[in-house]
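Undergrad: Provide a 3D model corresponding to the input given below.
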Amino acid sequence: MGQHLVFKSDKKLEPLIKHMWEQEKVHLEKFDDLVSKYNVRPTALTPIWKLAGLTLGISTALLGKEAAMACTEAVETVIGEHYNDQLRDLAKTNTSEFLELRKTIKAFRDDELEHLETAIEHDSHKAPLYNGLNFVIQAGCKTAIWVAQRI
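TA: Prediction:
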C-alpha cells in the first residue's frame, strides 16, 4: 500500500504495484477468514506490523523505483521462505482440511515469488545500497515473524 501511495501517478509503475497490492489484499482477507474460522488468536501486533509495512513501503518508494523493488524483493524472499516452512510443517498431516490449507499457502507463496521476480526484473539490484537495504529489510521481516509467532 505504501508503494502504491507514492507511485499512484506513475503510469508505468502504478499498474504493477496495484496488481501486487490487490493480490496481497486477497491474501490478507483469506487469512483473516481462516483465523476466524478456526478461532485462532491473531497476533496482538497486527496494527504495528501494518504501520511498519506502510512506513517501509513509503520510505523505500520515496528513495526511488529501484529501492522500492529492492524492498519488495527482500520482503518476498522472507515471506516465500516462511510459506515454504509452513508447507513443510503441513506436509506431515494429510487431513482434507490441511490439504486445502496447503493448496492456499502454495498459491499465495507462488504469488509472493512472482512479486520477487517482478522486483528483480524492475531493477531491484540497482537500488542504492542494495546489499544493506536487503539485509536490513530481511532481518526486520524475520524478526517480525519470530515475534508474531510468540505474541
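Undergrad: in stretch 92-112, which residues are buried?
TA: Buried residues in stretch 92-112, counting neighbours by 16 or more other C-beta atoms under 10 Å, are found at 101-102, 105, 108-109, 111-112. Where C-beta positions appear, they are placed from N, C-alpha and C, glycine not excepted.
Undergrad: repeat for stretch 40-54
TA: For stretch 40-54, a neighbour-count test (16+ other C-beta under 10 Å) marks 43, 53 as buried.
Undergrad: centre of the chain to it, how far?
TA: 13 Å (C-alpha atoms, centre = their mean, to the nearest Å).
Undergrad: end-to-end on it?
TA: Across stretch 40-54, the terminal residues are separated by 25 Å (C-alpha to C-alpha, to the nearest Å).
Undergrad: residues making contact with that stretch?
TA: With contact meaning C-beta atoms under 8 Å, 6 or more residues apart in numbering, stretch 40-54 is reached by 1-2, 34-35, 140, 144, 147-148, 151.
Undergrad: model confidence over it, on average?
TA: Per-residue pLDDT over stretch 40-54 has a mean of 89.
Undergrad: go on, stretch 100-115?
TA: Stretch 100-115 comes out at a mean pLDDT of 95.
Undergrad: gap between it and the chain center?
TA: 11 Å.
Undergrad: which residues sit against it?
TA: With C-beta under 8 Å, 6+ apart, stretch 100-115 has contacts from 20, 23, 27, 30, 34, 72, 76, 79-80, 83-84, 86-87, 90-91.
Undergrad: how much space separates H27 from K8?
TA: As judged by C-beta to C-beta, to the nearest Å, H27 and K8 stand 21 Å apart.
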